[in-house]
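Colleague: Quick check, what structure comes out for this input:
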Amino acid sequence: MRLYNYWRSSASWRARIALSWKGIPYEYRPVDLLRDGGEQYSPGYVAEINPLSQVPVLELEDGRRIAQSLAILEYLEERFPEPPLLPSDPWLRARVRQLAEIVNAGIQPFQNTPTMGYVRTQLRGDVPAWLRFFLERGLRALERSARETAGSFLVGAHPTFADVCLIPQLYSARRFDVPLDPFPTLVRVEAACTALPAFASAHPDRQPDAPRP
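Modeller: Below you'll find the predicted structure:
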């Protein structure tokens with residue numbers, strides 16, 4: 001398999017965690033989202049890899065491709081069910097997906113580079129205020145919802161899609177100076193996740209395209 005991704009992309013990070021958790025070897029294919037206006041906008045990438053000009057994209061052994069991080073996670077879970085990233089109970093599986101979507105649909109799109117660029121240049125808005133509002137709003141919802149199911153992780157005693165989405169999001173929150181003191185459940189679960197090798201190996205700073213000092 002081949003993963004088109006960017007070292008600091010939170011959606012790419014999710015895919016890396018899942019691949020590492022399941023022990024799936026893959027080729028790391030970097031796509032620089034900033035160089036020369038963004039390699040994801042190059043004609044070849046748009047035409048052949050992803051018409052939405054985003055990462056990640058997972059290319060399978062036969063050349064077929066899957067875009068969107070949660071679609072990638074679902075594919076990996078179905079094809080490589082062990083070790084799982086979804087619980088067996090149907091209600092808990094739905095709750096995992098709910099928590100993952102709070103991040104995927106309710107927070108992350110508002111911090112994307114194109115979104116921030118549009119707010120800054122077209123709407124002439126206060127980008128830091130925009131970010132704080134949506135990140136804090138989403139994290140409050142995630143904290144409150146997770147308290148109903150949290151054990152060592154957001155849903156029970158084992159990592160799930162919800163934790164895979166949580167870790168990159170807290171990294172982004174710190175990057176944008178959002179205080180995390182109001183979210184003790186999330187921070188506690190983050191510590192449990194980052195102690196696991198699969199999560200640690202997927203960290204942006206450990207990727208081959210990360211800037212070096």
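Colleague: pull the longest helix from the chain.
Modeller: The single longest helix within the chain, with elements called by DSSP state H, is helix 127-146.
Colleague: Show me what it packs onto, helices and strands only.
Modeller: helix 90-104, helix 113-121, helix 161-175, helix 184-194 (3 or more Cβ pairs under 8 Å, 6 or more residues apart in numbering; DSSP states H and E). In short, each C-beta sits where N, CA and C put it, glycine included.
Colleague: which outside residues touch the last one?
Modeller: When contacts are defined by Cβ atoms under 8 Å, 6 or more residues apart in numbering, helix 184-194 is touched by residues 139, 142-143, 146-147, 150, 152-154, 159, 163, 166-167, 170, 180, 199-200, 203.
Colleague: Of all the helices and strands packed on helix 127-146, which one comes closest to residue 5?
Modeller: Nearest to residue 5, of all these, is helix 161-175, at 11.7 Å by Cβ to Cβ.
Colleague: Surely residue 69 touches residue 16?
Modeller: No. If you go by Cβ atoms under 8 Å, residue 69 and residue 16 don't touch, sitting 9.9 Å apart.
Colleague: Compare those two and say which is more crowded by neighbours.
Modeller: residue 69 (31 against 27; other Cβ atoms under 10 Å).
Colleague: Give me the pLDDT value at the more buried one.
Modeller: Turning to residue 69, the model gives it a pLDDT of 98.
Colleague: got the contact list for it?
Modeller: 11-12, 14-15, 56, 104.
Colleague: now the worst-scoring helix or strand of the chain on mean pLDDT against helix 127-146, angle please.
Modeller: Confidence across the helices and strands of the chain bottoms out at helix 113-121, with a mean of 89, counting by mean pLDDT, DSSP states H and E. Orientation check (axes from the mean of the first three to the mean of the last three Cα atoms, to 10 degrees): helix 113-121 against helix 127-146 gives 140 degrees.
Colleague: distance of residue 59 from residue 37?
Modeller: 24 Å (Cβ to Cβ, to the nearest Å).
Colleague: do residue 65 as well
Modeller: 23 Å.
Colleague: Show me which of those two is the more surrounded one.
Modeller: It is residue 65, of residue 65 and residue 37, that has more neighbours when counted by other Cβ under 10 Å, with 14 against 9.
Colleague: sorry, back to before: out of the helices and strands packed on helix 127-146, nearest to residue 44?
Modeller: helix 113-121 (19.3 Å).
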